[in-house]
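# sequence plus predicted model, see below.
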Amino acid sequence: MEHVTVKCVSTISVLFIVFAFTETAVNSASCGCAFRYDALMTFFNQTGGNTWKDATNWGSTTKCPNSWYGINCTNGDVTKVLLSSNKLKGTLWEGFSLFGNLTTLSLDSNKLTGSLPFSWSAMTALQTLDLSGNSVDGSLPDEWSTLESLTDVTLSRNALTGNLPALWGNMTNMYSIDIRSNSIDGSLPPEWSDMLSLSTLYLSDNSIDGSLPVGWSMMASLETLDVSSNSINGTLPPEWSNMSSLNSLDVSGNSINGSLPALWSQLDSISTIDLSMNHLTGPLPSSWSRLATISSINLDHNLIEGSLPPSWNATTTLKTLSINNNLIDGVLPPSWFGMKRLVELQLSGNLLTGSVPSAWSAMPKLARLYLNDNQLAGTLSPLWGSMKNLVRVHLRNNLLSGSLPSNWTLMPLLVRLRLDGNRFTGEVPRSWCAAPFKILNLSSTCLTGNDCATINTSLTWDFCKTHIFVGNMSQSQRCSQDDNRWPTYCDATPTLTCCTPPTHSHTITDFGSDTSSQSTTATFPSLSSSDMVTTTRTSTFSKNLSSTITRTRRTDFLSVTRSVTKLRASTTINLTASKLTPTRTTSLTLSIELPLPVSYAAAAAAITAATSLS
């Protein structure tokens, strides 16, 4: 039991405060009582005031002091308590219910614990409450539904549990609610549609389940809705098209199924839609081209199918479009060059075919393009060399072919270019050797040659699984044996010296002959008319390998076998490598499984393995 001296204009009396402070607060308000010195000092002591980050002037006067750190007064009454990030600790203090004229209570980013006091429902003047970033637990009090003046509630980053109170729908003046990053469960209350003044609602990163309430379409003032990272299921309500003020919608990271509502094209104010990481199916609605204010759409990691709507070229306000990892097929619409404000386009991990439209070179703002892991074919358009804002281009793992356009180096901002895993042929243009790229990946392509005498030393090169020379040294020599296999889809057979190791030289002391020669022959059975490859590699070395090195080389053989087997082999090739010396002949037979069809890629890998024995 606590004692607080209350000084009134006409009388002096002593009131006893118990845990239910409501009656005291009413009486003190009715008699025009001023500053609660004793009450605030109790709060100070219970929250470790002596260790606060800032406790300037606390306890220095009995008058209502604006000089006390974090305390604001109006006409002798405490109206604001602003103690954010001030190292408060202990349980939430129920005594704030004494302050009938308190409008703002900000205790966020401290170390407060305990549950939310239901007695705070007596703070009838309270407008703003921020307790975020503490360790508050328990449920949301139904009693707070009587706080008619409350407009902003921030309770994020705590340990709150239980359901969202349906009675909070009575808080008709509520403007913003933020309960992100708690452990709230249960469903979204349909009754909250009565909060007609609500503009911002953050409920992400909880355990909320159930469906999206159709009735929330009545929330005409709602501008921002974030229910991401929950367990919400069901479908997207077409009726939400009536949310005329909705600007930002995030339902990502749930279990939403069904299709994208065509009626959402009527969302007159929508700017950002994030529906990624759900189970959405069906096509992309062509009607969404009428979203006149849309800036960003994220549909990543769903099951959306069908083709890309050519009509979306009319979305002239769109800046970011991301539909990665879906089931989109068909071609890239050339008409999308009409997206004049598009800055970032991500369509990776789909089933797209056809070519990369040369018409897209007319996208003046495009800076980041991700089309990797599709089935795109055709050649790279030289017209793209005129794109002045491209920074990143990812086209890896497609079926692109032809030569590399020399004028792509004219793109002044392009620093990251990934073309690996395609079927480009010919040499790397000399202009690319001194290009402004920071990262260039041409690995797993059919490119060959090019004596780049001058290399951009700040550039990260990746030419593994190619036959590209940098200066006088094959870039493939920098790659691991697993990364040095000529891709099976490359039809052309480059000069063998591009892919075989250099002459080996060893020194030994256990044999009498100063020199000897080794001949290694590898014959690959023909699986098609162009797959027969027979070659002989002769190396000269000083004396013989030691037994330790021989075992190491055999480990290399086994490593090659494992890496090839990962390709789901269906054909077995037996490779025998023989090492001849004046006193002995050492043979190693290696059985390698190779995928169909076997082409020069398979041969080059096996030859490299065989000659490594030397």
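Nice, thanks for sending it over.
# got the phi and psi for residue 159?
When read as degrees, to the nearest 10, the backbone of residue 159 gives phi -130, psi 40.
# quickly list what it is bridged to.
Listed beta-bridge partners, residue 159: residue 137 (assigned using DSSP bridges).
# same question, residue 176
Beta-bridge partners, per DSSP bridges, of residue 176: residue 152, residue 200.
# show me what contacts it?
Counting by CB atoms under 8 Å, 6 or more residues apart in numbering, residue 176 touches 151-154, 198-201. Every C-beta, even on glycine, is put in place using the N, C-alpha and C of the backbone.
# got the buried residues for stretch 107-118?
Going by neighbour count (16 or more other CB atoms under 10 Å), the buried part of stretch 107-118 is 107-110, 112, 116-118.
# and that stretch, end to end?
17 Å (CA to CA, to the nearest Å).
# what's in contact with it?
In contact with stretch 107-118 (CB under 8 Å, 6+ apart) are residues 47, 81, 83-92, 94, 96-97, 130-144, 154-155, 160.
# assign the residue lying closest to residue 144 once chain neighbours are set aside to helix, strand or coil.
With sequence-adjacent residues excluded and distances taken as CB to CB, 6 or more residues apart in numbering, residue 144 is closest to residue 121, at 5.5 Å. Three-state call for residue 121 (DSSP: H, G, I helix; E, B strand; the rest coil): helix.
# isn't residue 121 right up against residue 148?
No. In this structure, residue 121 is not within contact of residue 148 by CB atoms under 8 Å, at 10.4 Å.
# the more surrounded of these two?
Between residue 121 and residue 148, counted using other CB atoms under 10 Å, residue 121 has the larger neighbour count: 18 against 13.
# residues contacting that one?
Residue 121 touches 22, 97, 141, 143-144, 146-147, counting by CB under 8 Å, 6+ apart.
# can I have the buried ones of these as a PyMOL selection?
To isolate the buried ones among those in PyMOL, judged by 16+ other CB under 10 Å, type:
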select buried, resi 97+141+143+144+147
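# columns distance to residue 186 on top of the contacts of residue 121, output as JSON lines?
Putting the contacts of residue 121 into JSON lines (distance: CB to CB, whole Å) gives the following:
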{"residue": "22", "distance to residue 186": "28"}
{"residue": "97", "distance to residue 186": "27"}
{"residue": "141", "distance to residue 186": "15"}
{"residue": "143", "distance to residue 186": "18"}
{"residue": "144", "distance to residue 186": "17"}
{"residue": "146", "distance to residue 186": "21"}
{"residue": "147", "distance to residue 186": "21"}
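# where does the closest residue to residue 206 other than its chain neighbours land on pLDDT?
Spatial nearest neighbour of residue 206, chain neighbours left out: residue 184 (4.2 Å); criterion: CB to CB, 6+ apart. On the pLDDT scale, residue 184 is placed at 97.
# and the one 4 residues further on, by the same measure?
Residue-level confidence at residue 188 comes out at 98, pLDDT.
# what's near enough to touch it?
164, 203, 208, 210-213, 216, 227, 232 are the contacts of residue 188 under CB under 8 Å, 6+ apart.
# over to it: give its phi and psi.
In terms of degrees, to the nearest 10, the main-chain angles of residue 188 are phi -80, psi 120.
# what subset of the contacts of stretch 107-118 is buried?
Among those, those that count as buried by neighbour count (16+ other CB under 10 Å) are 47, 81, 83, 86-90, 92, 94, 96-97, 130-134, 136-138, 140-141, 143-144, 154-155, 160.
# the strands in the stretch 101-250 of the chain, which residues?
Per DSSP state E, counting those that start in this stretch, the stretch 101-250 of the chain carries strands over the ranges 104-106, 111-113, 128-130, 137-138, 152-154, 159-160, 176-178, 200-202, 224-226, 248-250.
# same for the fifth one, what does it pack against?
Using 3 or more CB pairs under 8 Å, 6 or more residues apart in numbering; DSSP states H and E as the contact test, the elements touching strand 152-154 are strand 128-130, strand 176-178.
# now these in a markdown table, with distance to residue 246 and mean pLDDT?
Shown next, in a markdown table, are those (distance: least, CB to CB, whole Å; pLDDT from 0 to 100):
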| stretch | distance to residue 246 | mean pLDDT |
| --- | --- | --- |
| strand 128-130 | 24 | 98 |
| strand 176-178 | 15 | 98 |
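# now for those, which one comes closest to residue 308?
With CB to CB, the closest approach to residue 308 among the helices and strands packed on strand 152-154 belongs to strand 176-178: 36.1 Å.
# by mean pLDDT, point me to the weakest helix or strand of the chain.
Lowest on mean pLDDT, DSSP states H and E among the helices and strands of the chain sits helix 547-565, with a mean of 24.
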